[in-house]
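Chemist: dropping a prediction and its sequence here:
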Amino acid sequence: MTSSAAKPKDSHVLRILVIARHAFTQLVRMKVFYFLAIFAVIVIASNFFDLPQHEGPEAVGVNVLRSIKSWSLGTMTLFSVVLSIVATALLLPKDVEDRTLYTILAKPVPRFDYLAGKLLGVLFLVFVSMALMDLLMTLVLQIRTSAVLQQQIHMGQQLGWGPEEIARLKQETLAQGSTWSLQAGVLAVFIRSSIIAALALLISTFSTSTLFTTIISFLVYFIGHFQADVRDAFLHSESGGQGPVARAFALLLSLLLPDFSLFNVIDSVIEGQIFPLPMLEKLMALGLFYAVLYTVCSWFIFAKKEF
Amino acid sequence: MAELTPAVEIRDLVKDFKTSFRRQPLRAVDGVSIRIMPGEVYGLIGPNGSGKSTTMKALLGLVAPSSGSCSIFGKDSLQVDSRQDVGFLPENPYFYKHLTGAETLRFYGKLCGLGGKALTARVAELLALVDLEEAKDRRIGGYSKGMLQRIGLAQALVQEPRLVILDEPTAGVDPIGSRQIRDLIFKLREHGITVFLCSHLLEQVQEVCDQVGIIFRGKMVREGRLEDLIAIEDQTEIILKDASPELIAQITALAGTSLIRTGKPRTTLERLFLRETLGNDS
Amino acid sequence: MKGWQKILIVIALLLSAGALRLPYEAALTQDLRQAGLLAQPLPIGTREHIGQTSSAVALGGLRTLVATFFNLRAFTAFTEQRWDDVAETYDTIVDLAPHTTYYWETGSWHMAYNAAPYYREQPGLSPLRKRYEWRNSILKGRAFLERGIRNNPRDWELYSNLGFMLSDPNKVRAFSSPAEAFSAAAEAYRIAADSGTVLPIIRRTQLYALARVPGREAEALALAEKLYAERLKNRSPTLLCLLVVLGTHQGVVQDPAKRAVELFGDEAKAYKALGYYWRDQTNFFPMDGIATAIRTLEGRLSIAPEKSILLEKFSPSAGTDEWFH
């Protein structure tokens, strides 16, 4: 055996990246991921054609663009939430079950690096998948928007509208197509799934089964959409009819659950609203806050766990 | 000569496991002390459930001792950097099935901080050492048991540790593979690497180990240098009681060249083991 | 540290982190609402809110598709005249797609315009029962449309629809009182017209509804004069007649026939228009001075007294007892 030239360097970031990349390849090679991805791609690509979802009262004229956006972002949401929860929920139990965890922790790998790496791996995967879906959606939108635009201009000309009105019509139609605000909306979907992935990581550190983690994570995701209402009820409870127990309960829920209803901005973006950059930055800061918080809590529980 | 830091120092290790709320905790390891000096090959033997695995896990920081301490080359096991110097081959190792042999070694190497050309060279070296060069691009999912053990050993050695811990290294491996592993352990010893192994296959332990410890129900019942504990088998023993020197001289003359040695009789490791654990007398 | 102690510490950590971020999230919500990115809280009930949010979370972008399928189901129920199923299905549909005008319109249309006459025509029901079901359906239609307005406070089309329903002479008697109905109709039309994005006729229909509310004739007259002055197209026969009627009621018009001829240009046109307007009395239009004007004009146009319009008989008005048999 040769003697090593120098002591290997001890970098947390590098180690985390190694584990992240490894988790990424592990998940990508799972069949479940393929099925999910293919499903999502099919749904988004279906918007190329005229299908029943493009008929109906929502899909007249410019509204078809709204319908496409709604479908695509809805699929992205479904995909990213399911993947975030399921992938994170299975990573730790799988390592424990396969006993590959022993070999990793027997190396000089700090437990925090291990957790952070796994989470980052899932987030890489979600990000890459969503980027691809976003690309597809944008392509579809561009094609459809120009088709609708032609339709609208033709109609406007038939109605005898002047060039000014037609320019305004064009602007309005383009605002419903693929815009930077829409991309911000996609980013918001990603931020939301990062929060839920970090939460699933936390739950998986003390849960013993993938199924339990998955179910609880979905529950929290669902209830989190009502957190804003509970918070409002607590902060502005004019109705004195609420007993102290109810108030305490409302407070507890408001403090523990993340506020997922903030991400309803995505619906507004679909309607064509502008998403200013400062707002997006605030959402990103919030997402980062949650991710770090949950990872630290996960580490706290995981650090002294025995195997 | 300066005091060498022991490769492994386990002092009065006690580990209790909680079973359910009401019952008494299960004492898996009860006051075990082991000291292995650098360069030695130590074998820990004992029946199933005697606390071998728990002791090893405590040494690796996978479980925390209820009391007592473990250290590797002076560094406490609960610190992460104590693991820089140790490589571990678990029992029935599983590795990520979706990786090839070479990718697995690269992964573990990177975890230890290796990289670049040094890592590539090291991986090639290890693959040659454990004789897996033809299978290096095959997925681990397609490896046989013996190949798994060997890649496991390679993984344990990736960062050139000074201590190697092997849990049942030859369990379930065919005699040929078994022999290969044994040869590898010899090679390790030649290079001055400390080996701490545990096994059921007492023959093999007898072949490679310098020191042996017998653990039973969480307690170390017998420990010492192998030579001191066992004897060579293929001789006939005539056990005399209270023989006089003249009698011995007569027998010596009678036996002639077939006489090997006179002295106090010794037993085999297997008999010793059974005596200590089940109380059968030979 | 024991397992449960660890979990307790983590919960404490989460709670304190929650206390930190709560004001941040509340402030962010406000900011987003102001930027138009988050919807203002709507005056809808808790159950409705929970239903909409649940479907939003569970189905996401698929909501519209599910709504479309339910719409088909509702259509089938409609063709088979299962009105309770229609109502229920539309309740589900608007939970899924609360911001699609079409569903609110169609749902209320089925109730008020299809179910109501159906019950009126049902052979097996007693007149009392017929009246009850007829009235109930119309009220349901109104409630549904009003719910739609609560969910979409800026949807002018819904306001127009409401105004139309409430001033429909075939339905007015279903509501608590015609005065209340026309008053509400006028208000709905007013909101729609104030938006500036609807056609000018809406403003006129506001006037027509307002004119039929006893006690607000002064308001109506002012509005009529304003519309008259605004543009030529506003000067519909009804509006001109209303100028005569309301003017007479308020006492500013002494000679209704003269005023009518002034507005219409000649006696024949005035007589024709007033004749049509006279027949509208079954639709609650005020008739101050019309009879006088018609008699005067019939005299001037030499129309025989037996052929007078004033002698015509009217069929039973919708919603009255004779109407149900």
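Modeler: Received, thanks. Residues are numbered from 1 along each chain as shown, chains lettered A, B, ... in the order given.

Chemist: for residue 175, which non-adjacent residue is spatially closest?
Modeler: Looking at chain A here, since you left the chain open. A:Gly272 (5.1 Å; C-beta to C-beta, 6 or more residues apart in numbering or on different chains). Using the backbone N, CA and C atoms, a C-beta is placed for each residue, glycine as well.

Chemist: right idea, wrong chain: chain C
Modeler: Sequence neighbours aside, C:Ala181 is the residue nearest to C:Phe175 in space, at 4.2 Å (criterion: C-beta to C-beta, 6+ apart).

Chemist: show me what contacts the one you found?
Modeler: C:166-167, C:172, C:175 (C-beta atoms under 8 Å, 6 or more residues apart in numbering or on different chains).

Chemist: so which of these is surrounded by the most neighbours?
Modeler: Neighbour counts for those peak at C:Leu166, which has 27 neighbours (criterion: other C-beta atoms under 10 Å in any protein chain shown).

Chemist: is whichever residue of the stretch 201-325 of chain C sits closest to chain B part of a helix or strand, or is it coil?
Modeler: Minimum separation of the stretch 201-325 of chain C from chain B (C-beta to the nearest C-beta) falls at C:Ile202, amounting to 66.9 Å. Remark: C:Ile202 carries the secondary structure label helix [criterion: DSSP: H, G, I helix; E, B strand; the rest coil].

Chemist: count the neighbours of it for me.
Modeler: C:Ile202: 23 neighbours (other C-beta under 10 Å).

Chemist: over to C:Arg259?
Modeler: Using other C-beta under 10 Å, C:Arg259 has 21 neighbouring residues.

Chemist: what of B:Leu62?
Modeler: 20.

Chemist: same check on A:His236?
Modeler: Per other C-beta under 10 Å, the neighbour tally for A:His236 reads 9.

Chemist: now do the same for it: its pLDDT.
Modeler: Listed pLDDT for A:His236 reads 71.

Chemist: check contacts around it.
Modeler: Going by C-beta under 8 Å, 6+ apart, the list of residues near A:His236 is empty.

Chemist: the same query, at a cut-off of 10 Å, please.
Modeler: By C-beta atoms under 10 Å, 6 or more residues apart in numbering or on different chains, A:His236 lies in contact with C:Ala26.

Chemist: with A:Leu255 as the reference, measure out to it.
Modeler: Here the criterion is C-beta to C-beta, to the nearest Å. By it, A:His236 lies 17 Å from A:Leu255.

Chemist: what pLDDT does the residue of the stretch 201-325 of chain C closest to chain B get?
Modeler: 91.

Chemist: who touches the closest residue to it other than its chain neighbours in this structure?
Modeler: Closest residue to C:Ile202 apart from its sequence neighbours, by C-beta to C-beta, 6+ apart: C:Ala193 at 4.5 Å. Neighbouring residues of C:Ala193 by C-beta under 10 Å, 6+ apart: C:156, C:159-160, C:163, C:199-207.

Chemist: recalculate using a threshold of 8 Å.
Modeler: Residues in contact with C:Ala193, defined by C-beta under 8 Å, 6+ apart, are C:202-203, C:206.

Chemist: that one is in what secondary structure piece?
Modeler: Element membership for C:Ala193, per DSSP states H and E: helix C:178-194.

Chemist: show me what counts as buried in that helix.
Modeler: Under the neighbour-count criterion of 16 or more other C-beta atoms under 10 Å in any protein chain shown, helix C:178-194 has C:178-179, C:181-193 buried.

Chemist: got the phi and psi for the residue nearest to A:Ala175?
Modeler: phi 110, psi 10 (degrees, to the nearest 10).

Chemist: for chain C, name the helix or strand with the lowest mean pLDDT.
Modeler: Ranked by mean pLDDT, DSSP states H and E, the helix or strand of chain C with the weakest confidence is helix C:46-59, at a mean of 81.

Chemist: ok, and for that one, which residues are buried?
Modeler: Neighbour count says helix C:46-59 has C:48-49, C:51-53, C:55-57, C:59 buried, by 16+ other C-beta under 10 Å.

Chemist: the next helix or strand after it versus helix C:46-59: what angle between them?
Modeler: Per DSSP H and E, the first helix or strand lying C-terminal to helix C:46-59 is helix C:63-79. Between helix C:63-79 and helix C:46-59, the angle comes out at 120 degrees (axes from the mean of the first three to the mean of the last three C-alpha atoms, to 10 degrees).

Chemist: how far out from the middle of the chain is helix C:63-79?
Modeler: In this view, helix C:63-79 has its centroid 24 Å away from the chain centroid, taken as C-alpha atoms, centre = their mean, to the nearest Å.

Chemist: can I get it in CSV? Just the C-alpha atoms.
Modeler: The C-alpha coordinates for helix C:63-79 follow below in CSV (Å, rounded to 0.1, in the frame of the first residue of the first chain):
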residue,chain,number,x,y,z
ARG,C,63,-59.9,21.8,-10.4
THR,C,64,-61.1,23.2,-13.6
LEU,C,65,-61.1,19.8,-15.3
VAL,C,66,-63.2,18.3,-12.4
ALA,C,67,-65.5,21.3,-12.6
THR,C,68,-66.0,20.7,-16.3
PHE,C,69,-66.9,17.1,-15.7
PHE,C,70,-69.4,18.1,-13.0
ASN,C,71,-70.8,20.6,-15.4
LEU,C,72,-71.6,17.7,-17.8
ARG,C,73,-73.2,15.9,-15.0
ALA,C,74,-75.3,18.9,-14.1
PHE,C,75,-76.4,19.2,-17.7
THR,C,76,-77.6,15.6,-17.7
ALA,C,77,-79.5,16.2,-14.5
PHE,C,78,-81.0,19.3,-16.2
THR,C,79,-82.2,17.3,-19.2
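
Chemist: now do that helix: which elements does it pack against?
Modeler: The contact analysis (3 or more C-beta pairs under 8 Å, 6 or more residues apart in numbering or on different chains; DSSP states H and E) places helix C:63-79 against helix A:63-98, helix C:46-59, helix C:83-96, helix C:101-109.

Chemist: give me the contacts around the shortest one.
Modeler: When you say that, I think you mean helix C:101-109. With C-beta under 8 Å, 6+ apart as the contact definition, helix C:101-109 has outside contacts at A:57-58, C:67, C:71, C:74, C:86-87, C:90, C:93-94, C:97, C:141-142, C:144-145, C:147-148, C:151-152, C:155, C:157-158, C:161, C:165.

Chemist: again, 6 Å this time
Modeler: For helix C:101-109, contacts defined as C-beta atoms under 6 Å, 6 or more residues apart in numbering or on different chains pick out A:57, C:90, C:93-94, C:97, C:141, C:144-145, C:148, C:155, C:157-158, C:161.

Chemist: cool, the second one as well?
Modeler: Taking contacts as C-beta under 6 Å, 6+ apart, the residues outside helix C:46-59 that touch it are A:222, A:225, C:63, C:66, C:95-96, C:98.
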